[in-house]
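# got a structure for you, letters missing:
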């Protein structure tokens, strides 16, 4: 299995909180899909290619974060409408071996990010 290259985000660690660092790493990955893996649920994977591309673009450009959907401020979840269907995306963080949760999602050296795009009805 190819291991993704860790995401690099320039940050002054003395003045950046852990949440700020996690948010910056999640945003960098979500916007570029680089440095992690993107998974499509069965429902999204079976959409026509044009719709899948629209879903990916909606995730990459997503900016409608709210306290209700993002209570910890990590930018790890979002919801959007796609051709009349409600969709969700979610970023999960795993350890480098991908056998458990990351011991420190703020540290890209020990974290692999997985972004899943799904139909709301599949959640």
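Nice, thanks for sending it over. It should be emphasised that the depicted structure is a prediction, and the values quoted were computed from it without experimental measurement.

# the longest strand along the chain: which residues count as buried?
Criterion DSSP state E: the longest strand present in the chain is strand 85-94. Neighbour counts over strand 85-94 (16 or more other CB atoms under 10 Å) mark 87-89, 91-94 as buried. C-beta: built from backbone N, CA, C; applies to glycine.

# quick check, nearest of the residues you listed to residue 105?
residue 93 (4.0 Å; CB to CB).

# how close does the residue nearest the centre of the chain sit to residue 50?
Residue closest to the mean C-alpha point of the chain, counted by CA atoms, centre = their mean, is residue 91 at 3.3 Å. As defined by CB to CB, to the nearest Å, residue 91 lies at a distance of 24 Å from residue 50.

# now do stretch 62-82: distance to the chain's middle.
In terms of CA atoms, centre = their mean, to the nearest Å, the centre of stretch 62-82 is set 10 Å apart from its chain centre.

# which ones are touching the residue nearest to residue 100 when sequence neighbours are not counted?
Closest residue to residue 100 apart from its sequence neighbours, by CB to CB, 6 or more residues apart in numbering: residue 94 at 6.8 Å. Neighbour list for residue 94: 100-102, 111-114 [criterion: CB atoms under 8 Å, 6 or more residues apart in numbering].
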